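Engineer: build me a model from this:
(2 chains)
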Amino acid sequence: MTSSVRSHAVPDSEVLDNALGLLLLNWNPPEYRIVNADSAVASAMEAPISGTSGSPRRLVYRHRLPIRIMHWINVIALSLMLFSGLQIFNAHPSLYWGNRSDPGKAWLSLGARQDAAGHLVGITRIGHHQFTTTGVLGVSTGSDGMPAVRGFPSWLTVPGPGWLALGRRWHFFFAWVFVLNGLCYVGYSLATRHLQRDLWPTRRDWRGIGRSILDHLRFKHPHGSEALRYNILQRLAYLIVIFIFGVGIVLMGLAMSPRMDAVLWPLVEVVGGRQSARTIHFIIAWAFVAFVLVHVFEVLISGLFNQLRGMISGYFMIDAGVTDGAEEDSGQDDAAMPDAVVPAEERIHD
Amino acid sequence: MTDRRSFLRMTIMGATSVIVAGCDRISQSNWGPKVLGTAEGLNHRVQALLSPSSAMAREYSDADISAVFRPNGTIMPSTPTYQTLLANQFRDYKLQVDGMVSRPLMLSIDDLKKLDTRSQITRHDCVEGWSVIGKWQGTLLSAVLDHAGVDPQARFVVFHCFDDMDQGTPYYESVDISEARHPQTLLAFSLNDKPLPVPNGAPLRLRVSRQLGYKQAKYLRRIELVRSFATIGEGHGGYWEDQGYEWYAGI
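Structural biologist: Next up, the predicted model:
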């Protein structure tokens, strides 16, 4: 499965090797004729490449350096906030709606009971439904190798053993990293018009939404210059993740702060109370996980090496000879004139 | 299929285990918790900016009060001094106020009731994540401080408690003068219109309405005004702070 996917994006091993070299070392082989993006004109950012298959390929400078750095900082911050957040959750592995956490009123709880033989059984309760989740939720192997009562297992929490005080330190440290990185991202994206140009859906994007959904369902991805443009589903996903998930999870985190509630109480009331805020914070955290899973899946099926190189070195390869189905305007031009000048704003996707 | 699924699970578990193990090494190092702990100062400063020191904690209605105010930590101090006071229904109880004050005091609950008191229905948020709502009645800490006359050099109010934690370490807490003088900071003697029950800190406990539960010291024995808490306990300003929790518990 994996190999066919890779060859789909980068059809021959020679190109693959070169791609790997670029990925790891940002090495520019002479035949690639890449001109540094910082220099002069937009058209210089790309260079035609002839693969052995004969179809011309071009490396295009796609993601600017600040965006690449912010992307990977975000990967680290989100991961550590998830793991330390689950550590904090484990201190009271139940969720409620409202302001209070009344006993017996949790809508979700991870707990344990003993079976007839005295073994611990992990129980996940959602509303009135109970599930046995021994080994992962409720009861899992502790650091001493014995089954222990704990919400999420030690391989999903930072620190691994139950250690709320340190979990909070990890969480708040990376919360600041996440917030400052996010503010830099939004500021930079507004200033460079990345947000307005690449993320805000155009009328053409909206018209193509049906087609885009079908393409995604068939795992069909463009390889020509259309691959450089975010499609409508990408645009919507990124906007929702940044402005609803990102802003929402920070606000719900702050809504749990007793000091902040002195001024944020109207927001706390709107969402139903402090325990509701804790619930929403938890749900958005898993929505981030769902987004990351889809994001990584799309990266895998649209060319892992190419996409990774794009987010590490900035350079992304496209098939200049391919006319993408979804594309109406530029594909043929690209095939006919590999050096055609296409404005930078159509290219740089950061 | 099952093979592939278990392979996937092993891969994910393996990957996260490596991350978790790396983080555990940082958590156990000398520098790790210190670097991570820098967020506390940032939290304190930025929250004070966004939520001014005069901002009031939300107060609730009678209908919002929890049926049971869940106690946490010590629910029955075992020290002989406390047991003697309890046997006599706290009639001999006196709160000691000393340190950097011009007039050291010994105050009974009745003495406290003669100072400015306040009643408030506020939410109690435990560091573990749960919340309960209760109605508190108590003396404004600021009234006690005014009565004792605080040295302008004093920066913190330290609360010494009757209950011993592990290995006989007495519980203690501290807040700064600004938090101590907040109108919702009380020395509470009543919960839900009844004398404070033993599990909730009888006969007197602290209420700091905009901080987490571990700041709300129960079983108050003595209030001490200090310039620094570096020589008290292990020097971090409270029993749980000495175990690695933040002194600023506003989040």
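Engineer: what helix or strand does the nearest residue to residue B:65 once chain neighbours are set aside sit in?
Structural biologist: In space, and not counting its chain neighbours, residue B:65 is closest to residue B:133: 5.4 Å by CB to CB, 6 or more residues apart in numbering or on different chains. (C-beta placed from N, C-alpha, C; glycine too.) Residue B:133 belongs to strand B:131-140 when assigned by DSSP states H and E.
Engineer: got it, and residue A:112?
Structural biologist: strand A:108-114.
Engineer: mean confidence score for the helix or strand hosting residue B:22?
Structural biologist: For residue B:22, the host element (DSSP H and E) is helix B:2-28. Per-residue pLDDT over helix B:2-28 has a mean of 86.
Engineer: list the buried residues for that helix?
Structural biologist: B:16, B:19-20, B:23-24, B:26-27 (16 or more other CB atoms under 10 Å in any protein chain shown).
Engineer: and chain A, which of those reach it?
Structural biologist: Near chain A, judged by CB under 8 Å from any CB of the partner chain, the entries from those are B:16, B:19-20, B:23-24, B:27.
Engineer: list the contacts for residue 186?
Structural biologist: Picked chain A for this. Residue A:186 makes contacts with A:195, A:242, as judged by CB atoms under 8 Å, 6 or more residues apart in numbering or on different chains.
Engineer: was after chain B, sorry
Structural biologist: Taking CB under 8 Å, 6+ apart as the test, what residue B:186 contacts is B:118, B:120, B:136-141, B:206-207.
Engineer: closest to chain A among those?
Structural biologist: Nearest to chain A among the contacts of residue B:186: residue B:207, at 11.6 Å, using CB to the nearest CB.
Engineer: number of nearby residues for the closest residue to chain A within the stretch 101-250 of chain B?
Structural biologist: The nearest approach of the stretch 101-250 of chain B to chain A comes at residue B:250, 3.1 Å away (CB to the nearest CB). Using other CB atoms under 10 Å in any protein chain shown, residue B:250 is surrounded by 22 other residues.
Engineer: three-state assignment of it?
Structural biologist: Judged by DSSP: H, G, I helix; E, B strand; the rest coil, the three-state class of residue B:250 is coil.
Engineer: excluding residues flanking it in the chain, which one is nearest it?
Structural biologist: Leaving out its chain neighbours, the residue that sits closest to residue B:250 by CB to CB, 6+ apart is residue A:259, at 3.1 Å.
Engineer: can you check residue A:135 too?
Structural biologist: residue A:122 is the one closest to residue A:135 (CB to CB, 6+ apart), at 6.8 Å.
Engineer: quick one: pLDDT of residue A:225?
Structural biologist: pLDDT recorded at residue A:225 is 84.
Engineer: need the contact list for the spatially most central residue of chain B.
Structural biologist: Centroid-nearest residue in chain B, with CA atoms, centre = their mean: residue B:215, separated by 1.0 Å. If you count contacts by CB under 8 Å, 6+ apart, residue B:215 has them with B:173, B:175, B:206, B:208, B:238, B:249.
Engineer: closest to residue A:76 among these?
Structural biologist: Among the contacts of residue B:215, residue B:249 lies closest to residue A:76 (CB to CB), at 26.7 Å.
Engineer: so who does that closest one touch?
Structural biologist: Contact partners of residue B:249, counting by CB under 8 Å, 6+ apart, are B:127, B:211-212, B:214-215.
Engineer: how close does it sit to residue B:173?
Structural biologist: 9 Å (CB to CB, to the nearest Å).
Engineer: quick one on the thing from earlier: could you pull up phi and psi at the residue nearest to the centre of chain B?
Structural biologist: Dihedral pair for residue B:215: phi -80, psi -20, per degrees, to the nearest 10.
Engineer: then residue B:206?
Structural biologist: Phi and psi for residue B:206, reported as degrees, to the nearest 10, are phi -90, psi 140.
Engineer: pLDDT wise, what is it at?
Structural biologist: 98.
Engineer: taking the centroid of chain A, which residue is nearest it?
Structural biologist: Chain A, centroid-nearest residue using CA atoms, centre = their mean: residue A:292 at 3.9 Å.
Engineer: so what's the nearest residue to residue A:255 once chain neighbours are set aside up against?
Structural biologist: In space, and not counting its chain neighbours, residue A:255 is closest to residue A:277: 3.8 Å by CB to CB, 6+ apart. Residue A:277 is in contact with A:252, A:255-256, A:268, A:271, counting by CB under 8 Å, 6+ apart.
Engineer: name the element residue A:277 belongs to?
Structural biologist: Assigned by DSSP H and E, residue A:277 falls within helix A:274-301.
Engineer: again with residue B:175
Structural biologist: strand B:170-176.
Engineer: packing partners for that strand?
Structural biologist: Other helices and strands packing on strand B:170-176, by 3 or more CB pairs under 8 Å, 6 or more residues apart in numbering or on different chains; DSSP states H and E, are strand B:156-164, helix B:239-242.
Engineer: switch the cut-off to 6 Å
Structural biologist: Judged by 3 or more CB pairs under 6 Å, 6 or more residues apart in numbering or on different chains; DSSP states H and E, strand B:170-176 is in contact with strand B:156-164.
Engineer: from residue B:36, how far off is residue A:174?
Structural biologist: From residue A:174 across to residue B:36, the span is 9 Å (CB to CB).
Engineer: so those two - more neighbours on which side?
Structural biologist: Using other CB under 10 Å, the more surrounded residue of residue A:174 and residue B:36 is residue A:174, with 25 against 22.
Engineer: pLDDT score for the more buried one?
Structural biologist: Residue A:174 is assigned a predicted lDDT (pLDDT) of 98.
Engineer: buried residues of the next helix or strand after the strand holding residue B:133, list them for me.
Structural biologist: Next helix or strand after strand B:131-140 toward the C-terminus (DSSP H and E): helix B:141-148. Judged by neighbour count (16+ other CB under 10 Å), helix B:141-148 contains these buried residues: B:141-145, B:147-148.
Engineer: can you name the residue of chain A nearest to chain B?
Structural biologist: residue A:259 (3.1 Å).
Engineer: does that residue really touch residue B:46, like I thought?
Structural biologist: No: contact between residue A:259 and residue B:46 fails when scored by CB atoms under 6 Å: they sit 10.2 Å apart.
Engineer: what comes up buried for stretch A:199-207?
Structural biologist: Taking 16+ other CB under 10 Å as the criterion, stretch A:199-207 shows A:199, A:201, A:205 as buried.
Engineer: what does whichever strand or helix holds the last one rub up against?
Structural biologist: Just to be clear, that refers to residue A:205. Assigned by DSSP H and E, residue A:205 falls within helix A:203-207. Here helix A:203-207 makes contact (CB atoms under 6 Å, 6 or more residues apart in numbering or on different chains) with residue A:232.
Engineer: centre of the chain to the next helix-or-strand element following that helix, how far?
Structural biologist: Of the helices and strands lying after helix A:203-207 in sequence (DSSP H and E), the nearest is helix A:209-217. Averaging C-alpha positions (CA atoms, centre = their mean, to the nearest Å) puts helix A:209-217 20 Å from its chain's average.
Engineer: point out where the chain drops to low pLDDT.
Structural biologist: Going with chain A. A:1-55, A:322-350 (pLDDT under 70).
Engineer: my question was about chain B, not that one.
Structural biologist: Along chain B, the parts satisfying pLDDT under 70 run over B:1-2.
Engineer: show me what from it comes close to chain A.
Structural biologist: B:13, B:16-17, B:20, B:23-24, B:27, B:33, B:36-37, B:39, B:42, B:47, B:51, B:55-58, B:66, B:125, B:128-131, B:133, B:210-211, B:244-245, B:250-251 (CB under 6 Å from any CB of the partner chain).
Engineer: and the residues you listed, which are buried?
Structural biologist: Judged by 16+ other CB under 10 Å, buried ones among those: B:16, B:20, B:23-24, B:27, B:33, B:36-37, B:39, B:47, B:51, B:55, B:57-58, B:66, B:125, B:128-131, B:133, B:210-211, B:244-245, B:250-251.
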